[in-house]
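Chemist: What follows is a predicted protein model with its sequence.
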Amino acid sequence: DAKTTQPPSMDCAEGRAANLPCNHSTISGNEYVYWYRQIHSQGPQYIIHGLKNNETNEMASLIITEDRKSSTLILPHATLRDTAVYYCIVYAGGGNKLTFGTGTQLKVEL
Amino acid sequence: GAVVSQHPSRVICKSGTSVKIECRSLDFQATTMFWYRQFPKQSLMLMATSNEGSKATYEQGVEKDKFLINHASLTLSTLTVTSAHPEDSSFYICSATVAGGELFFGEGSRLTVL
């Protein structure tokens, strides 16, 4: 019953921007969009989150469409160390359950 | 930033024994903690949602008598795998959050049952 859909895999050349899409067409008004990534055999690492407005931090930018039904995570200058599985999650907090979709395997190549 | 710590990071046990995994929020009080299980090349599967001071809510198909979850304080939750069998071998991950706040994940605990 994952609430998000993402492409299973993407490739990106090192130094180029990586744009990872996510569809969350059933998102509720109080649910935030979170992005995490997971490198093999480690816990998920927080990247960024947002509610309605676009967000930017030192790691990435998050673009949320006006209707909030989809979003895009942008890694502006991908490096080999950005190779990981990226998960897009919608979550309202407050003790509601948090489920993961299948994520996108991003492979950054030379 | 906030840190969630899991212990042990790796554990090997014999079939039939019980194993306890701890999840601690180190610099914040977590109102809710989640436990996940992850098999190779698969996504994280939610096992249960645990709110401090109340019983955990288990996902369908997760045996609550086999996977005992205790959330006795705002900084500690434990997952005990009772009478472990080889099919319980997996990567177990916890997550912690405060109301309206960010979600933080532990480093994961790899259980191998021989």
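Modeler: That came through fine.
Chemist: Paired strands for the lowest-mean-pLDDT helix or strand in chain B, with orientation please.
Modeler: Ranked by mean pLDDT, DSSP states H and E, the weakest helix or strand in chain B is strand B:103-105, scoring a mean of 87. Strand pairing for strand B:103-105, using DSSP bridges, gives strand B:90-97 (antiparallel).
Chemist: quick one: residue B:80 from residue B:18, how far?
Modeler: Distance from residue B:80 to residue B:18, counting by C-beta to C-beta, to the nearest Å: 6 Å. In short, each C-beta sits where N, CA and C put it, glycine included.
Chemist: So these two - more neighbours on which side?
Modeler: Legend: neighbour count by other C-beta atoms under 10 Å in any protein chain shown for residue B:80 and residue B:18, higher for residue B:80 (15 against 12).
Chemist: residues contacting the more buried one?
Modeler: B:18, B:19, B:20, B:21, B:67, B:68, B:69, B:70 (C-beta atoms under 8 Å, 6 or more residues apart in numbering or on different chains).
Chemist: just how off-centre is stretch A:82-99 within its chain?
Modeler: The chain centre lies 8 Å from the centre of stretch A:82-99; the measure is C-alpha atoms, centre = their mean, to the nearest Å.
Chemist: oh sorry, the question was meant for stretch B:14-28
Modeler: Between the centre of stretch B:14-28 and the centre of its chain there are 7 Å (C-alpha atoms, centre = their mean).
Chemist: Over to stretch A:86-101?
Modeler: Its chain's C-alpha centre and that of stretch A:86-101 lie 12 Å apart, by C-alpha atoms, centre = their mean.
Chemist: for the record, mean pLDDT for it?
Modeler: Averaged across stretch A:86-101, pLDDT comes to 84.
Chemist: ditto for stretch B:11-18
Modeler: On average, stretch B:11-18 scores 96.
Chemist: what bits of chain B have low per-residue confidence?
Modeler: Scanning chain B for pLDDT under 70 picks out B:1-2, B:99-101.
Chemist: ok, back up a step: of the contacts of residue B:80, buried ones?
Modeler: B:19, B:21, B:67, B:68, B:69 (16 or more other C-beta atoms under 10 Å in any protein chain shown).
Chemist: tell me the SS of the second one?
Modeler: Of the three states, residue B:21 takes strand under DSSP: H, G, I helix; E, B strand; the rest coil.
Chemist: ok, the residue nearest to the spatial centre of chain B to residue B:15 distance?
Modeler: Computing the C-alpha centroid of chain B and ranking residues by C-alpha atoms, centre = their mean puts residue B:35 first, at 3.8 Å. From residue B:35 across to residue B:15, the span is 22 Å (C-beta to C-beta).
Chemist: go on, residue A:85?
Modeler: For residue A:85, the distance to residue B:15 - C-beta to C-beta - is 31 Å.
Chemist: which one of the two has more residues nearby?
Modeler: The neighbour comparison of residue A:85 against residue B:15 (other C-beta under 10 Å) goes to residue A:85, with 22 against 12.
Chemist: Ignoring the adjacent residues along the chain, who's closest to the more buried one?
Modeler: In space, residue A:85 comes closest to residue A:103 once its chain neighbours are excluded; the distance is 4.4 Å by C-beta to C-beta, 6 or more residues apart in numbering or on different chains.
Chemist: Perfect, that will be all.
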